[in-house]
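Colleague: this one's sequence-less:
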């Protein structure tokens with residue numbers, strides 16, 4: 001990982017000095033979100049900050065303690081489709097867990113999942129942008145997430161880390177996400193096991209001083225930087241959608257966060273419930289960190305490199321990132337202000353959205369838009385993985401240095 005420039009370090013220090021004291025002095029608010037607003041409709045109401053994954057955690061811990069992770073990783077590389085049987089040779093306790101974990105919840109609605117796929121087809125450009133650049137910049141301003149990424153194994157190779165994260169996000173947005181030939185179940189179950197492995201490993205790092213990472217609350221915080229944030233921005237941009245499309249987009253992410261091991265009593269049942277939960281969770285979870293600033297710099301440099309075969313100017317990327325997440329988060333992430341590009345992006349993007357939406361009802365335009373969006377997605381993965389492909393593997397150690 002490249003060293004930050006002296007200027008970037010000074011910007012980071014200034015942001016921490018101005019904003020860090022407030023966030024450190026303000027403890028997280030008590031959990032008051034009611035489980036009556038969840039897909040379960042009821043629950044114990046336990047604070048999700050102190051709930052982890054009682055099914056996956058002992059499985060990953062056993063794999064690590066028994067030295068079985070390398071062999072398991074090799075076997076799981078052959079498991080790539082939702083309908084595919086698990087590979088032979090897996091330890092029995094892992095197989096039992098995965099067979100249960102790969103089952104969709106009883107409340108999953110396949111009609112809604114198909115509607116969500118069609119919605120992603122026509123709105124892929126916005127959703128990829130919001131979930132990728134927007135969600136990425138929000139995540140680096142989430143204190144526990146920035147530090148857990150930085151000090152876990154993925155922090156040592158951010159291109160690989162971003163590619164693996166993108167695989168799950170792209171799987172959710174794919175036309176065949178939860179169809180038999182899709183990959184969303186596979187990516188979610190593998191990611192759930194990785195989360196459990198990080199929970200086992202990271203507390204052993206001398207650089208980790210927080211609570212056990214990736215609690216149910218932490219996963220929900222990240223979840224709200226994806227569908228909840230994206231839907232708010234789509235409405236802000238006045239992107240037309242039916243109620244059925246809006247509900248279906250929420251549903252595909254409800255199913256996904258269930259597949260990641262979050263209890264149903266914490267999964268919002270409606271957009272109103274999601275917004276209320278987001279408003280409670282995100283403010284206390286976000287603040288500037290040195291790790292977040294460094295990760296932001298790496299991610300924005302990657303984006304500037306991958307958006308064309310050559311390179312676009314980093315200032316353009318800075319301006320767009322600041323436009324997507326707003327000044328407070330951008331300042332926490334130490335994203336420079338761009339006096340030339342900032343106003344231009346703020347004016348041009350809403351006009352572009354309005355122009356594009358005027359064209360979408362025309363014949364073949366949604367299909368053409370999807371082809372272009374899919375080409376961008378595949379190019380990003382190709383760039384990040386240097387043409388070798390990305391595979392979600394369980395880690396065996398933390399960041400080495």
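Modeller: On my side now, so go ahead. Given the structure is predicted, the values throughout are model-derived calculations rather than measurements.

Colleague: going forward, measure contacts between C-alpha atoms and count neighbours the same way
Modeller: Noted.

Colleague: What segments of this structure are strands?
Modeller: Counting by DSSP state E, the chain has no strands at all.

Colleague: Name the spans of it whose pLDDT lies under the cut-off.
Modeller: Low-confidence segments of the chain, defined by pLDDT under 70: 1-28, 158-166, 305-312, 359-390.

Colleague: at 80 instead, please
Modeller: Residue ranges of the chain with pLDDT under 80: 1-29, 154-170, 302-313, 352, 355-356, 358-391, 401.

Colleague: does residue 168 really touch residue 189, like I thought?
Modeller: No: using Cα atoms under 8 Å as the test, residue 168 is too far from residue 189 to be in contact (10.1 Å).

Colleague: Grab the nearest non-local neighbour of residue 264.
Modeller: residue 40 (5.3 Å; Cα to Cα, 6 or more residues apart in numbering).

Colleague: count of neighbours near the one you found?
Modeller: 16 (other Cα atoms under 10 Å).

Colleague: same question, the one 10 residues further on
Modeller: Counted with other Cα under 10 Å, the neighbours of residue 50 add up to 11.

Colleague: do the one 5 residues further on as well
Modeller: The number of residues packed around residue 55, counting by other Cα under 10 Å, is 14.

Colleague: Likewise for residue 259?
Modeller: Neighbours of residue 259 (other Cα under 10 Å): 23.

Colleague: From residue 56, how far off is it?
Modeller: Distance, residue 259 to residue 56, by Cα to Cα, to the nearest Å: 11 Å.

Colleague: Can you pull the residues that touch both of those two?
Modeller: residue 192 (Cα atoms under 8 Å, 6 or more residues apart in numbering).

Colleague: which stretches of the stretch 101-250 of the chain form helices?
Modeller: Using DSSP state H, counting those that start in this stretch, the helices found in the stretch 101-250 of the chain span residues 110-129, 135-139, 143-151, 158-173, 184-201, 216-223, 229-236, 243-259.

Colleague: just those: most buried one?
Modeller: helix 135-139 (a mean of 26; mean count of other Cα atoms under 10 Å).

Colleague: How about residues contacting that helix?
Modeller: Contacts of helix 135-139 (Cα under 8 Å, 6+ apart): 145-146, 222, 225-226, 229, 296, 299, 321, 325, 329-330, 333.

Colleague: That one: how far from the chain's middle?
Modeller: Here helix 135-139 is found 8 Å from its chain centre; the criterion is Cα atoms, centre = their mean, to the nearest Å.

Colleague: and if you look at stretch 326-338?
Modeller: The answer for stretch 326-338 is 20 Å, by Cα atoms, centre = their mean.

Colleague: in that stretch, what counts as buried?
Modeller: 329, 330, 331, 332, 333, 334, 335, 336, 338 (16 or more other Cα atoms under 10 Å).
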